[in-house]
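**Student:** predicted model and sequence follow; I will ask about them next.
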Amino acid sequence: MNVIRSKQGSAKNPAYMDFADPGVWKSILDARRVFLFLDLDGTLVEIAPTPSAVDLSAEGRRSLAELTTTPGILVAVVSGRRIEEIQNFLRLSGIFYVGLHGLETLTPQGERICHPVDQEVIDALQSLLEKFNRSISGVPGIFFEDKGMTLSLHFRLAKKEKASEVVKEFVRTVATFRERGVPLEVLQGREVVEVKPTGMHKGKAVAYLLGRYGKGALPIYMGDDVTDEAAFQSLGQGGMAILVTEIPRATAATYYLRNPEEVHEFLKSLIHWRGKTT
Ligand SMILES: [Mg+2]
């Protein structure tokens, strides 16, 4: 079974990012440009019982908007959600939107870049959806989110035992598709399990954007989930990877912050410090 987990070889416990300490800002202030990559759920917003129930404060919105106009900062929001959904929620212009773990990207100039997906993958996802929609009908708290090129099974509101039974069966069924050669992989997220085509992940999307638009920029990536580990790894030595987690765990990130509230405090400080350099 191809379940993505952080590579334990490069994983260690991160240090708390004490951004009140001017020392942590040195590399950020020295950089000519900063390319800031932000995950959405669990990073910019608290995880909500359902994907549509997430919330962002007016203050958070204001500082994100300010960030997009701060000179020398490029911003990308990188999510497993579809681009349109992220756009409708954030309503920000002048940023990169990366959706479906990098399968689709929209540049600030409006160029849309799509990673090709085989028809057999789309067919397999539809077949999984049909089969499991039948088996979860009547089970409270478990539901699918059909994103076309990926499929998410949410179970945050379900009884634990029932959810684990359904998820096990779901993962087993995906394995049967894989055995038949369909290039699918499973991502285990925070009370969501997602199936997506192989060959693309957040790390590749970040590396692509850095190579094409961020030459010479200091990359900063903030994310909370296992799916963000590939992105942490893609930054390389010079980058700044920040995991968002209440409880520090083994990760490829160097630093951690505890929650989205602290992420927004960090972003406000970033605007403050970078604003001074211009
Ligand atoms: Mg997340």
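**Tutor:** Structure's in. What do you need? Numbering: from 1, shown residues only.

**Student:** residue in the stretch 1-150 of the chain with the shortest distance to the ion?
**Tutor:** In the stretch 1-150 of the chain, no residue comes nearer to the ion than residue 42, which is 3.8 Å away by C-beta to the ion. Yep, even glycine has a C-beta here, placed from its N, CA and C like the rest.

**Student:** so what's that residue up against?
**Tutor:** Shown in contact with residue 42 (C-beta atoms under 8 Å, 6 or more residues apart in numbering): 190, 223, 224, 225, 244, 260.

**Student:** if we use 10 Å, what do you get?
**Tutor:** Residue 42 makes contacts with 48, 54, 189-190, 223-225, 228, 244-245, 259-260, 263, as judged by C-beta atoms under 10 Å, 6 or more residues apart in numbering.

**Student:** torsion angles phi and psi at it?
**Tutor:** As for residue 42, its main-chain torsions (degrees, to the nearest 10) stand at phi 90, psi -10.

**Student:** what's the domain layout of this protein?
**Tutor:** Taking automatic domain parsing as the criterion, the chain consists of the domains 8-115+200-277, 119-197.

**Student:** adding mean pLDDT, write those out as a markdown table.
**Tutor:** Shown next, in a markdown table, are the domains of the chain (pLDDT from 0 to 100):
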| stretch | mean pLDDT |
| --- | --- |
| domain 8-115+200-277 | 93 |
| domain 119-197 | 94 |
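
**Student:** can you tell me which of the ones you listed is most buried?
**Tutor:** domain 8-115+200-277 (a mean of 18; mean count of other C-beta atoms under 10 Å).

**Student:** quick one: distance of it to the chain centre.
**Tutor:** Here domain 8-115+200-277 is found 8 Å from its chain centre; the criterion is C-alpha atoms, centre = their mean, to the nearest Å.

**Student:** residue 214 against residue 76, yeah?
**Tutor:** Yes - at 9.0 Å, residue 214 and residue 76 qualify as touching, with contact defined as C-beta atoms under 10 Å.

**Student:** now for the two: what residues contact both?
**Tutor:** When C-beta under 10 Å, 6+ apart defines a contact, the residues bordering residue 214 and residue 76 alike are 35, 36, 37, 96, 206.

**Student:** and the third one, what element?
**Tutor:** Taking DSSP states H and E as the criterion, the element that holds residue 37 is strand 33-39.

**Student:** parallel or antiparallel, list what pairs with that strand.
**Tutor:** Strand pairing for strand 33-39, determined by DSSP bridges: strand 73-78 (parallel), strand 217-223 (parallel).

**Student:** mind checking the end-to-end distance for stretch 82-101?
**Tutor:** Criterion C-alpha to C-alpha, to the nearest Å; first-to-last residue distance in stretch 82-101 is 9 Å.
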